[in-house]
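> With the input below, show me the fold.
(2 chains)
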Amino acid sequence: MTERVAIVGVAQTRFAPKRPDVNYGEMAYEVISRVLQDTGLALPDDIDNAISCSHDIWDGQTISDIGITDVIGGHLRAEEKMAMDGSTAVFYGAVGILSGEYSCSLLMAHTKMSQTNRNIVNNVAFDPIYTRMLGFDYTSAAALQARRYMYKYGITREDAARVVVKNLANAKRNPFAWQSGDLTVADVLSSPAVAPPLHKLDIAPDTDGAVALILASEERARKITDKPVWILGIGTCYDAHYLGDRDLSGVFALEKAAARAYAMAGIKNPRRSVDLAEVSDDFSYQELLWLEGLGFCDRGEGGRYTASGATALGGKLPVNPSGGVLSGVPANVAGLNRVAEAVLQLRGEAGDRQVRGANIAVAQGHSGFCGQHQCVVVLGN
Amino acid sequence: MKRNVAIIGGGQTYHAARRHDVDEPEMVNEAVRAALKDARMTIDEIDLVILGNMEFFEGTHMTDCWLVHGMGAYGKQGLKITTGGTVGATAVCAAAHHVASGLFDKVLCIGFEKQEEGDTGAILSGVANPLWGRSMAGAAVGYFAMMGSSYMAAWGAKEEHSAMVAVKARQNARRNKYAHLKLDITIEDALNSRMLAWPIRMLDMCPASNGACAMILADEKTAKSRSKKPVWIRATDTAHNEQFELDWRDVKTNRLIFSRACAGRLYRKLGITDPAKYFDVFEVYEPATWAELIWYEDLGLCGPGEGFRLIEQGRTNIDGPIPVNPSGGVLSTNCIGASAMLRVWEAALQIRGDAGEHQVPKDVRRALTTGYGGTNWTVMTALSKTLDD
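Here you go, the predicted model:
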């Protein structure tokens, strides 16, 4: 990148299984007003455009950014919605600033998973001709992915359970997290089976919540904050749709997205350069798989790498010090929450979950079942 | 924008109420292949793919994920945008920004809708607020009925004027081989068509079409080396709006509204004051006849309350001094996610001189397009033949 784009502010709601006190517009307003207050910026003058991430089907409203147009500053101005994971908003927002069209952009992702039924929403993401009537949802598809991954690389349920134990312990230090606790591997293994080999604690709980974030050009960023976090690299990639067309134990899209992001950031060896990662662990085993895809360990080594303690809060490469998605972050919001948590770490504002001496962080998000579309963001302070 | 951006290729499917011969990925693939052929390019050369589509219309969540092979996006970077009726134009804007950013040289953008898969009226009623608006939502027809009746009451226009727009659109569509409603109709036919919600009759409304449009945008170096007739994107602007606006279609309002705000900013970017002279052709998003008359006024092609005089005098006909929608427009073809992109692509064809039978009979160097959707949202795009225009 010839010019640099910075993240100058973040705000998140506390995540909770049900927010009957607010509609999604009001929930969005909570984080938008807070991020504006924190950065000292005001709508409409200081913000050039807004990008939101949500889905009509989750929101139960056609063109659902209508429900947030006012609170996000869309009155007679540029306001766009992406129907993807929140991480991609950072990609699209950075592009808008690099194009010279905008210099300061407000990003926001929101979902109230309590408003609808996850299985139905997930099911209509499967093609209507061949696979939808099989009754798939993201969890049953993930179970197939988990089985394939465990079979191919000898990963065990215990390996995956260690991710849950680590992340929920980390979540105790995160005031925004919904779910946390001192669990044992045995607790995870003995939680009720949902779609074997996935049990209840292997699966991120449904929650309501929102995250907002402000991007700025270098010139603007210097005036807004003395702690800008720079977007060093960013990349995306699509995998195939049909599960039968993919090797589900593979990380084709993530490897490509990561390679693009690392190349842009000038990172040759992520194991040496990266200080912490926030990955979208919608399911326990996915953290292991994504660690491999991001190049933090060799293929099939995710279980052993995690068991070694390397990804713990005090480890060589802390992963999900926030507690990750397993602690309860809504669909679509997950990736923007990963970026926001990485930003807090790089600003040294992560409180009890702070990783010491963090200079380079990686945030990862995915859209579609079994991580079909991947987005990787490399950040530096 | 930091780099000049050109449209170096595009394509569309034929549009129809039923496309039983294709599923969604296959239909999108038709437009993508046409665009690649037009640009004399292979999919391997494309750096990034952008999809514009509204998931409720087909009832498929994350259409970009299902359509990945139809779009040619497997293994590529990409994203999906959903901004309602404007989404096709938003996708073009997004593609332009990706090229201008310097990160990508060749970007493919796609808009599509296969409306036969869903119930358009029900889905458009779902735009209304679930607590206060949905029980009385009247989809798009109800909305434009209020617009039409307000316009007639304010300016003294008659139903005949909307019928003139209905006829112009469908007669122009007869020259466009891809159009959906190619109807040889008269003013009487329009006035005698079935009443939907006064003053909106059947022929005052757009159809529910199936179809797709795809375009390839590139940086100046690529455009000049690869394309004989690049069409330059000179300026874009977006204006969205909140849902509750109680005087939303009082045509006499003095308040700044979305269309005038957006046009004003776009004209300032271009440094122009007389758009009717500056632009040689217009492609506007008119889901209903009355919307076209109001576009004339909001774009400044005439004064307030004079839009119906323009159509009466034939000034916006294909051979008139201010041709509007020579393609037949949205009144003849409305595949929602593609409609706003089709405006841009049709305008590009006019500038290239490649519009065939619906080519306007004059030198076309500059064009203006609008999208229209949401609750009074628009995206405008200004195109030119050369960077000096």
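> For whatever residue of the stretch 251-389 of chain B ends up closest to chain A, pull up the helix or strand it's in.
Ranked by C-beta to the nearest C-beta, the top residue of the stretch 251-389 of chain B for proximity to chain A is B:Ala261, at 4.3 Å. Quick note: C-beta positions are derived from backbone N, CA and C, even for glycine. Assessed by DSSP states H and E, B:Ala261 sits inside helix B:258-270.
> ok, back up a step: which residues touch the residue of the stretch 251-389 of chain B closest to chain A?
A:Leu76, B:Ala239 (C-beta atoms under 8 Å, 6 or more residues apart in numbering or on different chains).
> before we move on, what about A:Ile267?
A:Leu232, A:Gly233, A:Ser273, A:Val274, A:Ile360, A:Val378.
> returning to what we had before: which strands or helices does the following helix or strand past the helix holding B:Ala261 pack on?
The helix or strand immediately downstream of helix B:258-270 is helix B:275-278, counting by DSSP H and E. Secondary-structure packing of helix B:275-278 (3 or more C-beta pairs under 8 Å, 6 or more residues apart in numbering or on different chains; DSSP states H and E): helix B:258-270.
> quick check, distance from the helix it packs on to the centre of its chain.
17 Å (C-alpha atoms, centre = their mean, to the nearest Å).
> what about dumping the CA coordinates of it to PDB?
The C-alpha trace of helix B:258-270 is given here as PDB (Å, rounded to 0.1, in the frame of the first residue of the first chain):
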ATOM      1  CA  PHE B 258     -32.000  12.600  -1.600                       C
ATOM      2  CA  SER B 259     -32.100  13.100  -5.400                       C
ATOM      3  CA  ARG B 260     -31.400  16.800  -5.400                       C
ATOM      4  CA  ALA B 261     -28.700  16.400  -2.800                       C
ATOM      5  CA  CYS B 262     -27.000  13.700  -4.800                       C
ATOM      6  CA  ALA B 263     -27.300  15.500  -8.100                       C
ATOM      7  CA  GLY B 264     -26.100  18.700  -6.600                       C
ATOM      8  CA  ARG B 265     -22.900  17.100  -5.200                       C
ATOM      9  CA  LEU B 266     -22.300  15.200  -8.500                       C
ATOM     10  CA  TYR B 267     -22.600  18.400 -10.600                       C
ATOM     11  CA  ARG B 268     -20.200  20.200  -8.200                       C
ATOM     12  CA  LYS B 269     -17.700  17.400  -8.700                       C
ATOM     13  CA  LEU B 270     -18.000  17.900 -12.400                       C
END
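> And A:Arg272, what's its pLDDT?
Listed pLDDT for A:Arg272 reads 96.
> Next, work out how far apart it and A:Trp290 are.
A:Arg272 is 19 Å from A:Trp290, where distance means C-beta to C-beta, to the nearest Å.
> do B:Asp388 as well
In terms of C-beta to C-beta, B:Asp388 sits 50 Å off from A:Trp290.
> Closest to chain B out of the contacts of A:Ile267?
Ranked by distance to chain B (C-beta to the nearest C-beta), the contacts of A:Ile267 are led by A:Gly233 at 10.7 Å.
> Now do the contacts for the closest one.
A:Arg260, A:Ala261, A:Tyr262, A:Ala263, A:Met264, A:Ala265, A:Gly266, A:Ile267, A:Val376, A:Val377, A:Val378.
> So the helix or strand where the first one lies, near chain B or not?
Counting by DSSP H and E, the secondary-structure element that holds A:Arg260 is helix A:252-265. Yes: judged by C-beta under 8 Å from any C-beta of the partner chain, helix A:252-265 comes into contact with chain B at A:Phe252, A:Ala253, A:Lys256, A:Ala257, A:Arg260.
> can you pick the most crowded of these?
A:Ala257 (31 neighbours; other C-beta atoms under 10 Å in any protein chain shown).
> now the stretch 51-200 of chain A, which segments are flagged as low pLDDT?
For the stretch 51-200 of chain A, applying pLDDT under 70 flags no range at all.
> Going along the chain, name the strands of it.
A:78-82, A:104-112, A:193-195, A:198-199 (DSSP state E, counting those that start in this stretch).
> of these, which approaches chain B most closely?
Nearest of the strands of the stretch 51-200 of chain A to chain B, taken as C-beta to the nearest C-beta: strand A:78-82 at 4.0 Å.
> could you give the angle of that closest one to helix B:258-270?
110 degrees (axes from the mean of the first three to the mean of the last three C-alpha atoms, to 10 degrees).
> Relative to the whole chain's centre, how far out is strand A:78-82?
With C-alpha atoms, centre = their mean, you get 19 Å for strand A:78-82.
> Over to stretch A:374-381?
11 Å.
> center of the chain, which residue is that?
In the absence of a named chain, chain A is used. The residue lying closest to the centre of chain A (C-alpha atoms, centre = their mean) is A:Gly335, at 1.9 Å.
> I was after chain B.
Chain B, centroid-nearest residue using C-alpha atoms, centre = their mean: B:Ala340 at 2.6 Å.
> picking up where we left off before, pull out the buried positions in the helix holding B:Ala261.
B:Phe258, B:Ser259, B:Arg260, B:Ala261, B:Cys262, B:Ala263, B:Gly264, B:Arg265, B:Leu266, B:Tyr267, B:Leu270 (16 or more other C-beta atoms under 10 Å in any protein chain shown).
> do the same with stretch A:258-266
Buried residues in stretch A:258-266 (16+ other C-beta under 10 Å): A:Ala258, A:Ala259, A:Arg260, A:Ala261, A:Tyr262, A:Met264, A:Ala265.
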